[in-house]
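Visitor: Here is a sequence together with a model predicted from it:
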Amino acid sequence: MLSRNVYPQTRPGKWSVLLLLAVFLLLIMSALIVQSGQPFNFDTLFDHTRAAIVSLSAVAAAFGAFVVGLYTIFRNHERSVAVFFTVSLGGLVALFVLMQLFL
């Protein structure tokens, strides 16, 4: 009975979990891009265009995971742990971005 509640059962729930996995992969890729450019002494992330694009794609994927997760919880009544975890991490990313913009 526990295994049924851990993994999402609906298609949007699976998409939200896959988007969260994409966030982690994009962040690792961004870190590798920044590390490969270390001899050039970039001051900030946005001095390296490829790393900035990959990092902003990770933030967009986190927002997407948050929105799709909320949709699948309220519309499809998904109650899996993975979807709630996805929504909580996506919500934290959304909160962090909003706090950076407005505070």
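Guide: That came through, no problem.

Visitor: Hmm, residue 81 is touching residue 6, no?
Guide: Yes. Residue 81 is in contact with residue 6 according to C-beta atoms under 8 Å; the separation is 5.0 Å. C-beta coordinates here come from the backbone N, C-alpha and C atoms, glycine included.

Visitor: Any stretches of this protein with poor pLDDT?
Guide: 1-4, 37-46 (pLDDT under 70).

Visitor: So the nearest residue to residue 80 once chain neighbours are set aside, which state does it fall into?
Guide: Nearest residue to residue 80, sequence neighbours excluded (C-beta to C-beta, 6 or more residues apart in numbering): residue 8, at 4.5 Å. Secondary structure for residue 8, judged by DSSP: H, G, I helix; E, B strand; the rest coil, is coil.

Visitor: check contacts around the residue nearest the centre of the chain.
Guide: With distances taken as C-alpha atoms, centre = their mean, the residue of the chain nearest its centroid is residue 62 (2.7 Å). Residue 62 is in contact with 19-20, 23, 89-90, 93-94, counting by C-beta atoms under 8 Å, 6 or more residues apart in numbering.
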